[in-house]
Structure formats: structure tokens, C-alpha cells
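[1] Following is a predicted model, sequence given first.
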Amino acid sequence: DVMTIVDGNVGIGTTAPSAALTIGSPDSSAIGFVSNGVASLGGGIAFDAGAGNDVQLFNYRTSKMQFGNGGTADVTIDSSGNLGIGTSDPINSTNYKTIDIRSTGGGQIILGRNNNQDFFIYSALAGNTIGSGSTSGYLRFMTNSTGSSNERMRIDANGNVGIGTSGPVEPLHVREANDGGTARVALFENAATLAGSQAEILLVSGGNTDRGVAVSSYNESASGQPASMIFSTSAAYAAPTERMRVDSSGNVGIGRTPVAYGSFKVLDLAGSSGAIQKLIHTGSTVELQSYASATVGAVGTATSHPLLFTTGDTERMRIDANGNVGIGTSSPDNKLHVYKGANGHSWSFDAGDAFIVENSDSVSINLATPSANSANILFSDADARGQGRIVYDHSSDYMGFHTAGVGNERMRIDANGNVGIGSVPDS
């Protein structure tokens, strides 16, 4: 039968229509519209059950298939399989299938649940946007390198970006794991190789984009690219200026490029008015400083505390808060106190004892000279140097005693122990 009517249902190509109009059987072509009577020769469209009972809609011509309203094509599938929405001429990219969405205001793709605009992509005159319309949603970016998809980056509902983490806690949170090794989480490259080339990171605040703190890598040479690290800060209303540099040898310069000193590691401080280094104990307010000005160099304490000199982490010399120097003692009694042991005294040193040598055993002061020279102890006053003198002449092995100025020898003891007063003793 060509047509069958059963219980009001009309069947064409079937004797058991299951709907008001049933055309064809489930396993063959259902309906075709052709221009020359043979679909395979290029005419019209066909609804086809296809292989495996798939439902198919074919255009047997190598031309566009279009869908629309009001006589206007809204959707176009061209002969290469590219999809155009809002355009009848979708872009044809070699080796790619294209979805081309256009309108006077832009194009948009929305993926969502029910009435939720969970994910969208759109373009407009002002720019292009990818985003989530969910108040608690996030965007995930994934790649497949192991046979399964792996998350690589996420933007959460607060706008925090996580790379290597699904729970970013800051605007940019980069995470990598390398137990016992170095995790390189970022790379900033200046591809130039000439000396002086830099790669810089600028950190700014206050709404400006050219003032702040900069950290940069500085290429010292085109040969091998040894690199320095430069730290820069901005003065008020000024671009960043270099403040500190660590060169490729590990030398540190503050105020200038560090000057190498042999195989030593250098901390080089410089300033137009001088440079000062301070070490401060905030609990006791002790301040140790060293500085250089246009005329002097100094090292000491800036507070009323002693300055210690140590070797082997043991104190060897001290300058106390009063300026007294103690060698071997932490409590110098006067301007210079050399201590090797307590002499057991019950009295006090006098303020005039500018130089004190103290020992628990015999003590000596040794004046050593070459054999042809003499050793002198001078006694001077406001009028003249060496008003009194004790001299030992090594060339003749005698000791002389002078008063009232240089050259006025009053007494001499020669090498044989003979004493001459007012004259050289007779042999």
C-alpha cells in the first residue's frame, strides 16, 4: 500500500502508522525532497534513518544548509561543515571546523543549568569576555598529558587565580611541589643578550603605574650572560632608582656597583654625603655603627655602651663607655689598662695613672730596637718635649739619664756597671 490510515493516523510507506503522520519505516529513508528525482545525483534534502538507526538530516548538494525565521537565514552550515550564526558566510579555516557567531552588538555562547548563566563567551566592540555568571562558580582550565584531563589553572568566584592549586588565597597563587629541590614557579625573560639588558618586575601602589619598587636581572656581559640582581625604589614622584645590587660573584653594593676585592666577598656602601652601617639590638638599644664621611672613617657604638674586640668568640680588648681601653680586662681602670693577672692590691689606681700594666707575677715593659739604635723613655712638659729622658744605647750598651732637655746627660752607667755623674765613667 502507498498510504494507510489506521485509527486516524496516516502512514506513507508503512502499514502501522504510530503518529498522526508517519512516513517510511524505521530502517530506511523516511522522506526526501529532490529536484531531479534522484537524491544521490544532487537534489534537495532527505530525512534518513541511517546506519545504526541514527536520525539524519542531509543536504545532498555541496551547498549551504540554512535555518531561519521570517524568510531570513539565522543559522548556516556551509559545504565544509562550518557553522555560522548571524552570518551566511562562516569563516572557513584550513584544517579546522568553525563556529562563527556574529551580530551588530557581538556574538555570545552561553552554557547553563535551567535559567542560570553558568558560563559564557562573548565578543563586543569594546573587547572579548570569558566568564562565569554563577555567584559561587569558578573557571577551570585543563590540559591532557597523561590520558586524562588535569586542571592547570582556576579563577575562583572571588577573582583569585590559582595555577597548580584549586584553592587560591590571593589574587595570584602559584603552587608547585619539588621535595628536596627547587620549585621554579615563574619565568620572566628578556631575550636580548647584550650587556646591560634587564628583565624587571615592577610593584606599584597608589594607582600609579611607573612609581614603586622594582626587582630586575641585569646582564653583566654578552659572553655567558653573568647576571646581577638589582633592587630599586622610588622617591616621591620619581621613577625607580637603583639602591642595591648583588653581582654575579655574590658581592653586594648599596649606593653603587660593588667593587671586587680579590677572592673576598664584599659589602660596599656608598653615598654622596657618606655611608653608615648600623647594627641595633632593639631590646637593649645598643647601636653598633661604622661610617665614612668626606673626612673620616669611624667604627664604634652610637650609644653609651662598650665596644668589644674578640677573636675565637672571646673578648680580647674593650673600649668602655668612658673611652678607657682594657686589654685582657673588661673593667679598665684608666685610659690604657693592660691586664695579665691581679696583683692583689687593696688600693685604687690614681686618675693620673694613664697607663697601667698589671700582672699576678713579675711584669715588664719591653722596648726592642735594632742593635745599632737606642731605646728612650721621654718626660715632656708644656714647654718642651723630652725635658727628662732615660736612654739605653745598644751600640755602646750604656744607659743615660738626662734632665733639663735633650743633650743634658747627668748620669751614665756603662756596659761594665761603672757610673759617671756629670761625666762619662772611666773604664
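    Arrived safely. All values derive from a computational prediction rather than experimental measurement.

[2] Quick check: chain neighbours aside, which residue is closest to residue 256?
    Distances taken as CB to CB, 6 or more residues apart in numbering place residue 270 nearest to residue 256, at 4.2 Å, with adjacent residues excluded. Any C-beta I mention is one placed from the backbone N, CA and C, and that applies to glycine too.

[3] So what does that neighbour have for phi and psi?
    Dihedral pair for residue 270: phi -150, psi 150, per degrees, to the nearest 10.

[4] I figured it hits residue 258, correct?
    No. In this structure residue 270 lies outside contact range of residue 258 using CB atoms under 8 Å: 9.5 Å.

[5] Compare these two and say which is more crowded by neighbours.
    Set side by side, residue 270 and residue 258 show more neighbours around residue 258, with 22 against 14, by other CB atoms under 10 Å.

[6] on that earlier part again, and the residue nearest to residue 256, what is it in contact with?
    Residue 270 makes contact with 253-256, according to CB atoms under 8 Å, 6 or more residues apart in numbering.

[7] Point out where this protein drops to low pLDDT.
    1, 24-56, 60, 427 (pLDDT under 70).

[8] and residue 383, what does it touch?
    With CB under 8 Å, 6+ apart, residue 383 has no contacts at all.

[9] and it, which of the three is it?
    Of the three states, residue 383 takes coil according to DSSP: H, G, I helix; E, B strand; the rest coil.

[10] Quick check: nearest residue in space to residue 357, chain neighbours excluded?
    Nearest to residue 357 is residue 338, by CB to CB, 6+ apart, at 4.8 Å.

[11] Kindly report the same for residue 227.
    Using CB to CB, 6+ apart, the closest residue to residue 227 is residue 217 (5.0 Å).

[12] Give me the contact list for whatever helix or strand that neighbour lives in.
    Residue 217 is part of strand 212-219, with elements assigned from DSSP states H and E. With CB under 8 Å, 6+ apart as the test, strand 212-219 has contacts from 190, 192-205, 225-234, 240, 245.

[13] do stretch 278-292 as well
    Counting by CB under 8 Å, 6+ apart, 274-277, 297-303, 305, 307 sit against stretch 278-292.

[14] Could you dump those into a markdown table with neighbour count added?
    Supplementary listing: the contacts of stretch 278-292 in a markdown table, determined by neighbours: other CB atoms under 10 Å:
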| residue | neighbour count |
| --- | --- |
| 274 | 16 |
| 275 | 17 |
| 276 | 14 |
| 277 | 13 |
| 297 | 10 |
| 298 | 11 |
| 299 | 11 |
| 300 | 13 |
| 301 | 16 |
| 302 | 14 |
| 303 | 14 |
| 305 | 16 |
| 307 | 15 |
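
[15] From those residues, pick the one nearest residue 172.
    residue 277 (36.1 Å; CB to CB).

[16] and the closest one, that one's in a strand?
    Yes. Under three-state DSSP, residue 277 falls within a strand.

[17] residues in contact with residue 111?
    118-120.

[18] Of the residues you listed, which belong to strands?
    119-120 (DSSP state E).

[19] Of the contacts of residue 111, which is the nearest to residue 65?
    residue 120 (26.8 Å).

[20] from what I can see that closest one touches residue 109, true?
    Yes. Using CB under 8 Å, residue 120 is in contact with residue 109, at 6.6 Å.

[21] Put the buried members of the contacts of strand 212-219 into a ChimeraX selection.
    One line in ChimeraX is enough to select the buried ones among the contacts of strand 212-219; burial here means 16 or more other CB atoms under 10 Å:
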select :197,199,202,227,228,230,232,234,240,245
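
[22] Among the contacts of strand 212-219, which ones are in strands?
    Filtering the contacts of strand 212-219 for strands - DSSP E - leaves 198-204, 227-233, 245.

[23] And those, which is closest to residue 82?
    Of these, the one sitting nearest to residue 82 (CB to CB) turns out to be residue 199, at 42.2 Å.

[24] returning to that earlier point: buried residues of the strand holding residue 217, list them for me.
    So for strand 212-219, counting by 16+ other CB under 10 Å, buried means 212, 214, 216-219.

[25] quick one on the thing from earlier: of the contacts of residue 270, just the buried ones, ChimeraX syntax please.
    Here is the ChimeraX command that selects the buried residues among the contacts of residue 270 (16+ other CB under 10 Å):
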select :253,254
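
[26] out of the contacts of residue 270, who's nearest residue 263?
    The nearest one, if we look at the contacts of residue 270 relative to residue 263 and count by CB to CB, is residue 253, at 17.3 Å.

[27] how many neighbours does residue 315 have?
    15.

[28] And the furthest pair within the ones in strands among the contacts of strand 212-219?
    Most distant of those, by CB to CB, are 204 and 227, 23.8 Å apart.

[29] contacting residues around residue 356?
    By CB under 8 Å, 6+ apart, residue 356 lies in contact with 332-334, 336-338, 349.

[30] Show me what counts as buried in stretch 9-26.
    Result for stretch 9-26 [16+ other CB under 10 Å]: buried residues 11, 13-14, 17, 22-24.

[31] From residue 176, how far out is the nearest residue to residue 188 once chain neighbours are set aside?
    Once flanking residues are discounted, residue 188 sits nearest to residue 199: 5.1 Å by CB to CB, 6+ apart. Separation of residue 199 from residue 176 (CB to CB, to the nearest Å): 20 Å.

[32] repeat for residue 370
    Residue 370 is 71 Å from residue 176, by CB to CB.

[33] Between the two, point out the one with more neighbours.
    Comparing residue 370 with residue 176 by other CB under 10 Å, the one with more neighbours is residue 176, at 12 against 8.

[34] Kindly confirm whether my reading is correct that the more buried one touches residue 183.
    Yes. Judged on CB under 8 Å, residue 176 makes contact with residue 183 at a distance of 3.9 Å.

[35] what does the helix or strand hosting residue 11 contact?
    Residue 11 belongs to strand 9-12 when assigned by DSSP H and E. Defining contact as CB under 8 Å, 6+ apart, one finds that strand 9-12 is touched by 2-5, 17-24.

[36] now those residues in TSV, with secondary structure and distance to residue 313?
    Formatted as TSV, the contacts of strand 9-12 follow (DSSP: H, G, I helix; E, B strand; the rest coil; distance: CB to CB, whole Å):
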residue	secondary structure	distance to residue 313
2	coil	113
3	strand	112
4	strand	111
5	strand	113
17	coil	106
18	coil	101
19	coil	100
20	coil	104
21	strand	104
22	strand	103
23	strand	102
24	coil	101
